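Asker: Test case, fold it:
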Amino acid sequence: MSRRSYQPGRMAITIAMCILAVAGLLGFISSSSAVTRAAQPPSKDSRLPEVQLPAHAGLAELTGMSLITTGRAPLSGSKDGSGPYTASAYGFTGSLVQGLVIQSAIARYGTLSSKPPLPLPLPLAFASAHPGPVEVFVVVRSFSNTHAPGKLLLDPNFADTNAPGVIELHSGAVHGGLVWRVDSAANGGLGEFRFEWTNSRLLYGVSVIGARLTLAESRGVALKVGAK
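Answerer: Below is the predicted model of the structure:
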């Protein structure tokens, strides 16, 4: 999710952890136990799951954009640990992280392994010459039950959506989920829309970032996630 002034949210931290992982190579019993265990004292369980979901669980492809990083994410990518969000409590089983940028950015700046590496966020001057989405970040998490995704979707502490600069919108969500506009100085002047929704045992999170970015453009990108 985003590089923002209110400290990076779980999406951005997850992406950052994935980038670091790529460079160096963010058991459940019943739904009732998820509620009980989540109420227990905080834990620092931010381990990566064993399963990485297939690429088609996220963005199989996006015209004009290239994948710059992919990998797994922990249930909670908070810099302070997972808090009450432990994998065992929620039946967390696997995940997928993807980061994409427009191809012209790679042509201009190179990749994350270049020296110097691709700058993120992309410079405002560059993005302004390419209005619309220039960065897309996707996190998909899978669970052993259908209750956890909906519970986490509606938990503002899990998603950091109660932080300053994150504004919930009343229209434009996808698949019956939620959508926010993120106003963040840490995005370097770029706009951002963030989408979250569930589908059975999956929890989706998508951030779309760009200059002069519209909700309609961002929504179009989000609708492609998980579409085989």
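Asker: which residue ranges form the helices in this protein?
Answerer: Assigned by DSSP state H, the helices in the chain fall at 10-24, 31-38, 87-90, 103-109, 124-128, 147-153, 156-159, 215-222.
Asker: And those, which one averages the lowest pLDDT?
Answerer: Set side by side, the helices of the chain give their lowest mean pLDDT on helix 31-38, at a mean of 27.
Asker: Name the helix or strand of the chain that has the lowest mean pLDDT.
Answerer: When the helices and strands of the chain are compared on mean pLDDT, DSSP states H and E, helix 31-38 comes out lowest with a mean of 27.
Asker: could you measure the residue nearest to Ala87 when sequence neighbours are not counted against Phe143, distance?
Answerer: Taking Cβ to Cβ, 6 or more residues apart in numbering, and ignoring the residues beside it in sequence, Ala87 has Leu75 as its nearest neighbour in space, at 5.1 Å. (Glycine included, C-beta is placed from N, CA and C.) The gap separating Leu75 from Phe143 is 9 Å, by Cβ to Cβ, to the nearest Å.
Asker: Mind listing the shared neighbours of the two?
Answerer: Common contacts of Leu75 and Phe143, defined by Cβ atoms under 8 Å, 6 or more residues apart in numbering, comprise Tyr90, Phe92.
Asker: end-to-end on stretch 97-107?
Answerer: Length of stretch 97-107, first residue to last, Cα to Cα, to the nearest Å: 23 Å.
Asker: what does it rub up against?
Answerer: Identification of contacts with stretch 97-107 by Cβ under 8 Å, 6+ apart yields 14-15, 18-19, 26, 55, 58-59, 62, 64-73, 118, 120, 122, 126, 130, 133-139.
Asker: Strands of this structure, start to end?
Answerer: Under the criterion DSSP state E, the chain contains strands at 51-52, 65-71, 92-102, 132-143, 166-168, 178-182, 191-199, 202-211.
Asker: buried set for stretch 206-225?
Answerer: For stretch 206-225, the buried set under the neighbour-count rule, 16 or more other Cβ atoms under 10 Å, comprises 206-211, 213-215, 217-219, 221-222, 224-225.
Asker: gap between it and the chain center?
Answerer: 13 Å (Cα atoms, centre = their mean, to the nearest Å).
Asker: And for stretch 99-115?
Answerer: Distance of stretch 99-115 from the chain centroid (Cα atoms, centre = their mean) equals 19 Å.
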